[in-house]
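> A structural model of the following input is requested.
(chains A, B, C and D)
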Protein chains: 4
Amino acid sequence: MKIRAGYELSYESPQPTPMILQLSVHPSRIPDLLSWDRMRFDPPTPAKTYHDSFGNFCHVITAPKGRLNISTDFMVQDKGEQDVIVPQAEQHALKDLPVEVLIYLLGSRYCETDRLSNTAWSLFGHLPQGWPLVQAICDYVHDRITFGYQHANASLSAWEAYNVRRGVCRDFAHLAVAFCRCMNVPARYCSGYLGDMGTPPPYGPGDFAAWFEAYLGGRWHTFDPRNNVPRIGRILMARGRDATDVAIVTSFGPCTLAGFKVMTDEITSNAPAST
Amino acid sequence: MKIRAGYELSYESPQPTPMILQLSVHPSRIPDLLSWDRMRFDPPTPAKTYHDSFGNFCHVITAPKGRLNISTDFMVQDKGEQDVIVPQAEQHALKDLPVEVLIYLLGSRYCETDRLSNTAWSLFGHLPQGWPLVQAICDYVHDRITFGYQHANASLSAWEAYNVRRGVCRDFAHLAVAFCRCMNVPARYCSGYLGDMGTPPPYGPGDFAAWFEAYLGGRWHTFDPRNNVPRIGRILMARGRDATDVAIVTSFGPCTLAGFKVMTDEITSNAPAST
Amino acid sequence: MKIRAGYELSYESPQPTPMILQLSVHPSRIPDLLSWDRMRFDPPTPAKTYHDSFGNFCHVITAPKGRLNISTDFMVQDKGEQDVIVPQAEQHALKDLPVEVLIYLLGSRYCETDRLSNTAWSLFGHLPQGWPLVQAICDYVHDRITFGYQHANASLSAWEAYNVRRGVCRDFAHLAVAFCRCMNVPARYCSGYLGDMGTPPPYGPGDFAAWFEAYLGGRWHTFDPRNNVPRIGRILMARGRDATDVAIVTSFGPCTLAGFKVMTDEITSNAPAST
Amino acid sequence: MKIRAGYELSYESPQPTPMILQLSVHPSRIPDLLSWDRMRFDPPTPAKTYHDSFGNFCHVITAPKGRLNISTDFMVQDKGEQDVIVPQAEQHALKDLPVEVLIYLLGSRYCETDRLSNTAWSLFGHLPQGWPLVQAICDYVHDRITFGYQHANASLSAWEAYNVRRGVCRDFAHLAVAFCRCMNVPARYCSGYLGDMGTPPPYGPGDFAAWFEAYLGGRWHTFDPRNNVPRIGRILMARGRDATDVAIVTSFGPCTLAGFKVMTDEITSNAPAST
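Next up is the predicted model:
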């Protein structure tokens, strides 16, 4: 299965504005790229790159005064396999977890484990640990939150999403991550591309997707409380403690998002994309 | 200058409770220890140790059902020098910062940079960058927040502290950290021992202290918006993005703090401590 | 089982000499310490501490002109269990190894995998992979090398030890490590204390011991080609690619080892040590 | 200045052979890529990617039985600036070095600091520290070693190169790195592309180049004892303790290099390359 993906973003800055960008495909997916997800800047803008402590590939730029367009368009090979379900994956005791995983048990900007702990234990404390627990959290979050792009709010936290009961995929992920951590399951936030191949058209306006990974049975597993059904075609971009660590753009000065378009399409053999 | 320090903590757990403890002196201060800050558990409790990604020394234990006392008592040599003031330390442009420092520009559980950015820029945007900016942030926070142990609230964030205008040292630190990050100055939260040697008795009940470090002129510098005067005798325990990462105890299950005492005393030559 | 351990080292330097010291008990064993392995310097010498990229605890000092004594003396609790044998621990294919383990497949100062590869494959290429392979390597090395303190040579490599057929425990470890790497088994060098509790007196003059760990079945396992029988009472100090990375002293200038004594004794209940 | 670079390698394996490849442009140069240095495998071969502890981008593959061709061909923008000379860059005392730099003071597979220390001090001990010392080392190595592709020997170490007095660029780099470390200057080995733009044709058969970096005045600086004149157009691929850590191919089983071609050409405006 081949997927064509990309984005076109525009930012308006009243003055030169430093930015951290996390807009690259995750290094683990590079072998699958059929063409490069090169980040194009219009006007041309020098960038410095680095890998952050989570292993994500980041760019630092200074957006010029005025408009900056950032775009990419690439092809990637995907196995076309659904998210794997491993019901027997067991939950580890704290002392048995790899120490580098422990940070994913702590609270974070959008996942206030301190505020949600009592709720989590009353909702999920009676359940068997491990995979059934994480799936129950996903089910609960999927039902509790009403999806709607109009609810997008970059300041909304898991605690707030729990209370207002609406949000976008990042809020679903934040609430599930927070609940998992409250229940002693390490959980980390993921961002990336996820097409609408599983749903009939007309599709939505296109956006990046958020899901999360839970650590069970000695490895990380994908969960998606927004969709809450196994999906195909996830193209990971970045992982972190929550959306803070994987923000597509972190700007250090005022700027305005003036354009935003994300594309993810399966390429069928009958209709090849131009290169 | 010799300092005698330690703590006596008691936790009541209704069932065996996993915990991460950050109750050790920071590795960088080990050469100054005159006696070991060995963590004593009563009843004896096995521990696993590790260094987290921030370089802090952590213990993982399973607190037994019932009461667990955790204590230490040690002596440390200190230069007895005040916090250093370096007014000419310059602020770095984003692109010139070491990449491992960039994470300290992002928001975190208790430092909602997204919520405080506009406030920060309107308060401090007109100031010269670098040391004067960070000092102005400390002055502002010192004045804005009223200190009181009765205001201690482990869920209070910088944004909330800004609004309710009261708190304890951690809230002072969180608000200053958040403002620094909004103004593009990397800032990290610090916890440790800090005696009351500079203030006249009667002293307070004793507690750990929180302060922060800002990255200017190629290195980290100590700032303390709670006291807002140079102090001597800081004994660092842990650093992180905020109090989440350096919590003295992160428990994974219900437990009650049943006793809490922190001691920090200068030892004078006339009144040596028994060993 | 309680072990009393320590060392007394003396160095003579014709001028102030910078040194890196790896003379501390490994952080993973700190919970077992009954008293602190504080490094004592005579004359008193300031030290800076850090954890290296292998997780070892290191000191940086400048040894003064003249003699410097470095010593410690501590007690440690040990389970008193023998090295564990896990015959079914399987060898991983390269692609299945955790990426942080791959560096332990490469050559290093004292483990010239390039020079020993053909020998390794001709000696061990016909054997079943995994634990039996590593044990066969230990058996071979144990037989090939004749032990003798008089053969100690800090420049001797695995390739040279293979050829001269004599050495001390570090040479046994280096040769086995090199063979393991040649056979695609990640292997890392370990240094620490190991008493002579398993052998009848009179004991040797006392020294630190070297052994190694091989990565099989998803974890590291202890192997000791010098003794080649399961032992009790290993107190790990440091791990690395080979002896280079865990040298007790790396000096940056000329200096002379003027005294060297290592103690490791089991403390029986009838004959407690003075504290 | 635009550079077109790439390689065509062929390996013959008598059986499926696991390999680690370090054949990608270093992450720090990705913003300069005008087209992607995609690694092409013929026959198609799955790869797993990771960043090693030195920050290099690595591929793990299992080369199929028979021939495997690995190639790339890309364009990169370069500033066209010569290696920078900073004569006033000072040498740091051991205690003032960043701790992550200290590993580059230790010996390694091809840089036997223990064997070369006395030689280093007698040759360079009288010189002023810092840049002049490192340049003197480069001058000495440049003169001591006779270059010749026929001397290429993947097992040759710095100590051996010092003695046989001949080698290729990696041997020049190894010997200079070893001398620097002996003289307390952190030094790391670099591999990459370096065209022959500075020398008149006919050019050699094409190869990757090796140079090194020394840590002076708070940062790493490029030195090239093989050429020993400032050059333009270095395209870094990987850095490490020595050639072991940056080998273009580390194979875990027998295989034969059946073809090897490296291209690096400046693209002039009059003669654009086909894409």
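> so which helix or strand takes in A:Lys48?
Under the criterion of DSSP states H and E, A:Lys48 resides in strand A:47-51.
> and the angle for that strand with strand D:47-51?
Relative orientation of strand A:47-51 versus strand D:47-51 (axes from the mean of the first three to the mean of the last three CA atoms, to 10 degrees): 100 degrees.
> in its sheet, what does strand A:47-51 sit against?
Strand A:47-51 pairs in its sheet with strand A:57-63 (antiparallel), by DSSP bridges.
> what residues does the stretch 101-250 of chain A put near chain C?
Contact residues, the stretch 101-250 of chain A versus chain C (CB under 8 Å from any CB of the partner chain): A:Gly218. (C-beta placed from N, C-alpha, C; glycine too.)
> wait, A:Leu21 sits on A:Ser251?
No: between A:Leu21 and A:Ser251 there is no contact under CB atoms under 8 Å: 9.6 Å.
> those two: who's more crowded?
A:Leu21 (22 against 19; other CB atoms under 10 Å in any protein chain shown).
> the helices in chain A, which residues?
Secondary structure of chain A (DSSP state H): helices located at A:113-124, A:131-144, A:158-164, A:169-182.
> most packed of the ones you listed?
Across the helices of chain A, the average number of neighbours (mean count of other CB atoms under 10 Å in any protein chain shown) peaks for helix A:169-182, which reaches a mean of 29.
> quick one: it to helix A:131-144, angle?
Using the same axes, to 10 degrees: helix A:169-182 against helix A:131-144 is 140 degrees.
> quick one: helix A:169-182 near chain B?
No: Helix A:169-182 does not reach chain B (CB under 8 Å from any CB); its nearest approach is 8.6 Å.
> burial measure for the residue of chain A found nearest chain D, as a count.
Nearest to chain D in chain A, going by CB to the nearest CB, is A:Trp36, at a distance of 3.4 Å. A:Trp36: 19 surrounding residues under other CB under 10 Å.
> wait, it sits on D:Trp36?
Yes: under the criterion of CB under 8 Å, A:Trp36 makes contact with D:Trp36 at 3.4 Å.
> pLDDT value on the spatially most central residue of chain A, please?
Nearest residue to the geometric centre of chain A (CA atoms, centre = their mean): A:Ser191, 1.9 Å. A:Ser191 is assigned 97 on the pLDDT scale.
> list the contacts of it.
Residues in contact with A:Ser191 (CB atoms under 8 Å, 6 or more residues apart in numbering or on different chains) are A:22, A:208-210, A:236-239, A:243, A:246, A:248.
> what do you get for A:Leu102?
Here A:Leu102 is in contact with A:94, A:186, B:20, B:50, B:52, B:58, B:60 (CB under 8 Å, 6+ apart).
> now A:Thr250
A:Thr250 touches A:19-20, A:22, B:105-106, counting by CB under 8 Å, 6+ apart.
> let me know the closest of these to chain C.
Comparing the contacts of A:Thr250 against chain C with CB to the nearest CB places A:Gln22 closest, at 20.9 Å.
> so the closest one makes contact with A:Gly55?
No: if you go by CB under 8 Å, A:Gln22 and A:Gly55 don't touch, sitting 11.4 Å apart.
> these two: which has the busier surroundings?
Between A:Gln22 and A:Gly55, counting by other CB under 10 Å, A:Gln22 is the more crowded of the two (21 against 15).
> in stretch A:10-22, what counts as buried?
Going by neighbour count (16 or more other CB atoms under 10 Å in any protein chain shown), the buried part of stretch A:10-22 is A:10-13, A:17-22.
> meant to ask about stretch A:54-69
For stretch A:54-69, the neighbour count (16+ other CB under 10 Å) marks A:54, A:56-64, A:68 as buried.
> pull the most distant pair out of the residues you listed.
Of all pairs drawn from the buried residues of stretch A:54-69, the greatest distance, 28.4 Å, lies between A:Phe54 and A:Pro64 (CB to CB).
> please consider this matter closed, and thank you.
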